[in-house]
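> got a predicted model here, sequence first, then my questions.
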Amino acid sequence: METTEQIRERILASLPGAQVSLVTNPGLAAQHSLLLGAAHALQAALLLRDDAALRLDFCSNVTGVDWPEREVSEADPTAPGGKVKRVVPGFLEVVYHLYSVALGHGPLVVRMRTANRSDQVTLPSLTPVWRSCEFQEREVFDLFGVVFAGHPDLRRILMWDEFKDHPMRKDYVEPDDFEWEPTPHGDVLERARRHYPAPARPAKEPAP
C-alpha cells in the first residue's frame, strides 16, 4: 500500500480544495493518519474505496475521542520566560480503520473532527460508503454525541432513548440516584443512599 503521505497527495489531486492533513504518530508504531475536512470527507471516502490502487473496501473499526478545551505552552522568544500560553478549543473526533480485502493491505487510519463539543457536532456519515460503519457510528453518537448526517438509522444503541448526556465524554458526571441499579453496592450504594427517603421516626408516647 502507498504511504499515508502518498495517499494524501492522491486525494488532493482528485479533490482540489479538500482539506486533508497528516496526523503523525510519534510512538514506536508510527501509524500516521489522515484528518479529513468534513466538507469533502464523503467524497474522499468514496475515492479511498473505489481507487484501483487502494480498494479500501472494509472499515473494521469506528471509535470516538473526546478532546476537551486545554491550555498549552508554546515557545515565544518575545514573551516573558520564552513561552506563551494558548487555549486550544475542545472538539470531538471520530477515527476509522480501513482495510482492503481485495488487495490485502491496510490499515489506513482516517479521522474527522467536529467544530466544537457543544452546538457544532455534526459530521458526514460514512455508512453509505462502508456499511460496517452503521452500528459503530451509532455507538459514537450514543456515547460521545457526534451527529452523523446521512446515517440511515441514527439512534442510541447502548443507552435507552430517554437517557441524557453522553457517558464517554471526559466531563460526564455520573448521577447519584442510579435508579436502574437494582442491587447497588460499594461506591454506588453510598451515592444512592443520599436519595433514599429518611427513615420514619417512631411516634412519641404521650406523657403519663
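Arrived safely, thanks for sending.
> in the protein, what secondary structure element scores lowest on mean pLDDT?
In the chain, no helix or strand scores lower on mean pLDDT, DSSP states H and E than helix 186-192, which sits at a mean of 76.
> check which residues of that one are buried.
Buried residues in helix 186-192, defined by neighbour count with 16 or more other CB atoms under 10 Å: 191-192. Where you see a C-beta, it was placed from the backbone N, CA and C, and this is true even at glycine.
> also stretch 41-59?
Taking 16+ other CB under 10 Å as the neighbour-count basis, stretch 41-59 is seen to contain the buried residues 41-45, 47-49, 54-59.
> quick one: classify the most centrally placed residue in the chain as helix, strand or coil.
Centroid-nearest residue in the chain: G64, 2.1 Å away (criterion: CA atoms, centre = their mean). Per DSSP: H, G, I helix; E, B strand; the rest coil, the local secondary structure of G64 is strand.
> what's near enough to touch it?
If you count contacts by CB atoms under 8 Å, 6 or more residues apart in numbering, G64 has them with 92-95, 139-140, 143-144, 146, 168.
> let's see that with 10 Å instead.
Remark: with contacts taken as CB atoms under 10 Å, 6 or more residues apart in numbering, G64 is in contact with 92-95, 136-137, 139-146, 166, 168-169.
> then V146?
Neighbour list for V146: 64, 66, 92-94, 112-114, 117, 121-123, 125, 137, 140, 154, 166 [criterion: CB under 10 Å, 6+ apart].
> so which of those residues sit within helices?
Using DSSP state H, 137, 140 are the members of the contacts of V146 that sit in helices.
> return a PyMOL selection command for the buried portion of the contacts of V146.
Paste this into PyMOL to select the buried members of these, with burial taken from 16+ other CB under 10 Å:
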select buried, resi 64+66+92+93+94+112+113+114+117+121+123+125+137+140+154+166
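> contacts only, for H32.
Shown in contact with H32 (CB under 10 Å, 6+ apart): 3-5, 8, 22-26, 108-109.
> actually G90, not the one I wrote
Taking CB under 10 Å, 6+ apart, we find G90 in contact with 66-70, 114, 116-118, 169-171.
> you'd agree E9 is in a strand?
No. Residue state for E9 (three-state DSSP) corresponds to helix; a strand is not indicated.
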